[in-house]
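Asker: I would like the atomic coordinates for the input below:
(one chain, ligands or ions: 1)
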Amino acid sequence: MFRLVVLVGCVGLALGGRSPNADVVEKLLRMNPQGRYSNNLIEDSLLDVPDLVAKYGYPVESHDVVTQDGYGLTMHRIPHGRDKNNKPDPNKPIVFLMHGLLSSSADFLLLGPGSALGYILAEEGYDVWMGNARGNYYSRRHTSMNPDSRLNQNFWRFSWDEIGNHDLPAFLDFIEKHTGQSRLHYIGHSQGGTAFLVLTTLRPQYNSKFISFQGLAPASFFTYNEHPTFTRLAPLESVLETAAFAMGLGEILGRNWCADGSGVDQLCDLTLNEGSYYVNSSMLPLFVAHTPAGASIRQVAHYGQSIRFNTFRRFNHNAVTNLATYGRLTPPSYDLSRVTTPSYIHYATNDLLVHPKDVHILASKLPNLQGLYLVDSKTFDHVDFIWATKARVRVYSRLLASMKAAEKL
Ligand SMILES: *[C@@H]1O[C@H](CO)[C@@H](O)[C@H](O)[C@H]1NC(C)=O
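Answerer: Model (predicted):
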């Protein structure tokens with residue numbers, strides 16, 4: 001999925017406070033011991049989100065929620081900044097951040113204080129909440145289904161439709177109950193943007209909760225997508241999904257990927273393609289440690305359907321299941337005329353996954369588009385929205401201005 005890092009992550013048992021792929025990074029450093037990476041960076045690579053945030057002196061909380069369909073999820077929160085005038089305050093404006101495919105809340109923290117969006121927002125006076133989608137490292141539990149079962153893969157039968165339709169309401173309802181505030185900003189990168197569109201089209205009553213929607217390269221239409229791997233695999237989406245479930249591989253690139261005892265864990269292979277102009281290559285172990293953080297094969301298959309059928313619509317099962325699920329033989333499209341939230345889209349010319357022309361299709365269908373901002377750079381790409389140190393000047397300053405503008409609407 002990511003151009004920068006193609007990683008087959010093999011991860012052992014999760015120990016308290018360790019990042020999703022800490023074992024992979026330790027192996028990488030043993031193979032490559034020239035001391036290229038600072039001790040501070042190595043330490044950051046091995047810590048999980050709560051320990052990482054605490055290390056930098058920020059307050060951090062973890063909150064567990066359970067969705068209507070039984071998935072156990074964890075949100076991370078930075079309730080205020082670390083500067084002494086930035087105190088806890090029940091009236092702070094709230095912002096909710098949602099990561100992309102194969103990622104986690106770590107996306108908004110890895111660049112560190114001063115550069116990562118999560119810390120910047122906390123310093124700007126926001127109460128920062130970050131979701132973790134079902135199936136990732138921090139949200140890998142269910143009231144009755146077992147994510148580690150090889151025989152029964154039912155835990156993994158979800159796509160980003162369920163993330164928008166079930167995970168987001170569980171997060172948002174919890175935040176409202178916990179803080180007493182009924183409105184907040186939503187920032188979503190890539191699939192985090194997709195999930196927002198799913199929520200506000202399937203459950204349009206949620207529109208009234210949002211001060212603004214800030215989409216960072218939000219994924220929806222794939223008419224102009226030219227990504228080499230994606231376009232090759234898209235026609236095969238249903239075959240690949242069926243095969244993956246048959247082999248007990250409903251989870252992709254998570255800690256179950258290399259089965260214990262299969263011997264595959266000896267072959268953990270790391271390919272670094274330093275293709276991104278803006279990403280600081282000295283920080284690669286940090287990104288590898290936290291991404292991929294796990295997802296279901298169906299999330300990828302659903303994007304494959306978007307390419308194959310040239311639509312933005314609900315997941316296509318077989319005809320019988322479609323009839324039972326949607327009351328019709330083919331899945332309905334997401335009705336974007338229902339997205340009445342003030343919407344701001346930030347996108348980039350050199351984005352191979354979310355093509356600028358596809359962003360224009362989305363923008364033309366959003367009824368309350370307030371801003372459409374192309375990053376002023378020919379080389380800025382999909383991962384740079386979260387991994388480029390320059391994102392602060394290229395994107396986040398305009399994002400903050402958009403949020404302030406929406407607060408006055
Ligand atoms: C790249 O990251 C390393 C490690 O965090 C840091 O020491 C260095 O200053 C960074 N380089 C640039 C150009 O930001």
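Asker: from the stretch 1-150 of the chain, which residue is nearest to the ligand?
Answerer: Relative to the ligand, the nearest point of the stretch 1-150 of the chain is residue 41 (5.1 Å; Cβ to the nearest ligand atom). For every residue, glycine as well, the C-beta is placed using N, CA and C.
Asker: strands of this structure, start to end?
Answerer: 5-7, 61-66, 71-78, 94-98, 127-130, 141-142, 184-189, 210-216, 251-252, 270-272, 295-296, 343-347, 369-374 (DSSP state E).
Asker: using TSV, lay out those together with mean neighbour count.
Answerer: Putting the strands of the chain into TSV (neighbours: other Cβ atoms under 10 Å) gives the following:
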stretch	mean neighbour count
strand 5-7	20
strand 61-66	15
strand 71-78	23
strand 94-98	25
strand 127-130	27
strand 141-142	18
strand 184-189	26
strand 210-216	26
strand 251-252	22
strand 270-272	14
strand 295-296	28
strand 343-347	26
strand 369-374	16
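Asker: make JSON lines out of those and add distance to the ligand and mean pLDDT.
Answerer: Shown next, in JSON lines, are the strands of the chain (distance: least, Cβ to the nearest ligand atom, whole Å; pLDDT from 0 to 100):
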{"stretch": "strand 5-7", "distance to the ligand": "16", "mean pLDDT": "33"}
{"stretch": "strand 61-66", "distance to the ligand": "26", "mean pLDDT": "98"}
{"stretch": "strand 71-78", "distance to the ligand": "21", "mean pLDDT": "98"}
{"stretch": "strand 94-98", "distance to the ligand": "22", "mean pLDDT": "98"}
{"stretch": "strand 127-130", "distance to the ligand": "22", "mean pLDDT": "98"}
{"stretch": "strand 141-142", "distance to the ligand": "33", "mean pLDDT": "98"}
{"stretch": "strand 184-189", "distance to the ligand": "21", "mean pLDDT": "98"}
{"stretch": "strand 210-216", "distance to the ligand": "21", "mean pLDDT": "98"}
{"stretch": "strand 251-252", "distance to the ligand": "29", "mean pLDDT": "81"}
{"stretch": "strand 270-272", "distance to the ligand": "15", "mean pLDDT": "36"}
{"stretch": "strand 295-296", "distance to the ligand": "27", "mean pLDDT": "91"}
{"stretch": "strand 343-347", "distance to the ligand": "22", "mean pLDDT": "98"}
{"stretch": "strand 369-374", "distance to the ligand": "24", "mean pLDDT": "98"}
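Asker: need the ones you listed in JSON lines (columns: distance to residue 157).
Answerer: Formatted as JSON lines, the strands of the chain follow (distance: least, Cβ to Cβ, whole Å):
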{"stretch": "strand 5-7", "distance to residue 157": "25"}
{"stretch": "strand 61-66", "distance to residue 157": "18"}
{"stretch": "strand 71-78", "distance to residue 157": "12"}
{"stretch": "strand 94-98", "distance to residue 157": "21"}
{"stretch": "strand 127-130", "distance to residue 157": "25"}
{"stretch": "strand 141-142", "distance to residue 157": "11"}
{"stretch": "strand 184-189", "distance to residue 157": "23"}
{"stretch": "strand 210-216", "distance to residue 157": "27"}
{"stretch": "strand 251-252", "distance to residue 157": "11"}
{"stretch": "strand 270-272", "distance to residue 157": "30"}
{"stretch": "strand 295-296", "distance to residue 157": "7"}
{"stretch": "strand 343-347", "distance to residue 157": "30"}
{"stretch": "strand 369-374", "distance to residue 157": "34"}
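Asker: residues touching residue 285, list them.
Answerer: 25, 28-29, 37, 41-42, 45 (Cβ atoms under 8 Å, 6 or more residues apart in numbering).
Asker: wait, I meant residue 171
Answerer: Residue 171 neighbours (Cβ under 8 Å, 6+ apart): 65, 73, 75, 96, 129, 131.
Asker: quick check: the last one touching residue 107?
Answerer: No. Under the criterion of Cβ atoms under 8 Å, residue 131 makes no contact with residue 107, lying 10.8 Å away.
Asker: show me the common contact partners of those two, please.
Answerer: Common neighbours of residue 131 and residue 107 (Cβ under 8 Å, 6+ apart) are residue 99.
Asker: got any ranges where the chain has weak pLDDT?
Answerer: Scanning the chain with the threshold set as pLDDT under 70 gives 1-16, 32-34, 254-275.
Asker: alongside the ligand, which residues does it contribute?
Answerer: By Cβ under 6 Å from any ligand atom, the residues of the chain that approach the ligand are 38, 41, 280, 282-283, 389.
Asker: hmm, try it at 5 Å
Answerer: 280, 282-283 (Cβ under 5 Å from any ligand atom).
Asker: go through stretch 285-295 and flag the buried ones.
Answerer: Residues 285-295 are the ones in stretch 285-295 that count as buried (16 or more other Cβ atoms under 10 Å).
Asker: can you tell me the distance between the two ends of it?
Answerer: With Cα to Cα, to the nearest Å as the measure, stretch 285-295 spans 20 Å from end to end.
Asker: do stretch 278-286 as well
Answerer: 15 Å.
Asker: now that stretch: buried residues?
Answerer: 278-279, 283-286.
Asker: rewinding a little: tell me which entries of the buried residues of stretch 285-295 lie within helices.
Answerer: Secondary structure from DSSP state H places 285-290 of the buried residues of stretch 285-295 in helices.
Asker: which of these lies closest to the ligand?
Answerer: Among those, and counting by Cβ to the nearest ligand atom, the member closest to the ligand is residue 286, at 7.8 Å.
Asker: roughly how far apart are that closest one and residue 109?
Answerer: 10 Å (Cβ to Cβ, to the nearest Å).
Asker: do the same with residue 249
Answerer: Relative to residue 109, and taking Cβ to Cβ, residue 249 is found at 29 Å.
Asker: the two - which one has more neighbours?
Answerer: residue 109 (28 against 16; other Cβ atoms under 10 Å).
Asker: thought the more buried one was touching residue 53?
Answerer: Yes. With contacts counted by Cβ under 8 Å, residue 109 reaches residue 53, the gap being 6.3 Å.
Asker: any shared contact partners between the two?
Answerer: With Cβ under 8 Å, 6+ apart as the test, residue 109 and residue 53 both reach residue 118.
Asker: tell me the contacts of residue 387?
Answerer: Taking Cβ under 8 Å, 6+ apart as the test, what residue 387 contacts is 4, 110-111, 276, 278-279, 283, 287.
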